[in-house]
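The sequence and its predicted three-dimensional model are supplied below.
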Amino acid sequence: MATFAVFAGLAALVYYPGRIGPGAIFIALLAAALGGSDRRLVPLAVIATTLSWLAGMVIAVLLENPIF
């Protein structure tokens, strides 16, 4: 689940960060709740998806692309 969340977070950089980004963050947090924080990929997935969402929103605003 964490791998899917990272992939979705990276997709949010290019396609509609307002739709894909929160879903990716939710999946990453769900993976953290189910798998625990002792796994190495789970905290990285939460950080990566959050930063991808933020960067996607900034890119969309700067390039005047649709957010949603």
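Cool, got the structure. As the structure is a computational prediction, the values presented were derived from the model and not from experiment.

C-alpha only now, for contacts and for neighbours.
OK.

which element is the closest residue to residue 24 other than its chain neighbours on?
Using CA to CA, 6 or more residues apart in numbering and skipping residues adjacent in sequence, the residue nearest residue 24 is residue 5, 4.8 Å away. Take DSSP states H and E as the rule and residue 5 turns out to sit in helix 2-11.

re the thing from before, so the residue nearest to residue 24 touches residue 29, yeah?
No. Between residue 5 and residue 29 there is no contact under CA atoms under 8 Å: 9.1 Å.

These two: which has the busier surroundings?
Each of residue 5 and residue 29 had its neighbours counted (other CA atoms under 10 Å), and the higher figure belongs to residue 5 (26 against 21).

which strands and helices sit next to the host helix or strand of residue 26?
Of the helices and strands defined by DSSP H and E, residue 26 is found in helix 17-35. Under the contact criterion of 3 or more CA pairs under 8 Å, 6 or more residues apart in numbering; DSSP states H and E, the helices and strands touching helix 17-35 comprise helix 2-11, helix 41-62.

okay, those helices, which one's buried deepest?
Here the criterion is mean neighbour count by mean count of other CA atoms under 10 Å, and of the helices and strands packed on helix 17-35 the winner is helix 2-11, at a mean of 22.

I'd like the average pLDDT over that helix.
Confidence over helix 2-11 (mean pLDDT, whole number) is 94.

middle-most residue in the chain, spatially?
Using CA atoms, centre = their mean, the residue of the chain that lies closest to the mean C-alpha position is residue 49, 2.6 Å off.

Now do the contacts for that one.
5, 6, 8, 9, 10, 21, 24, 25, 28 (CA atoms under 8 Å, 6 or more residues apart in numbering).
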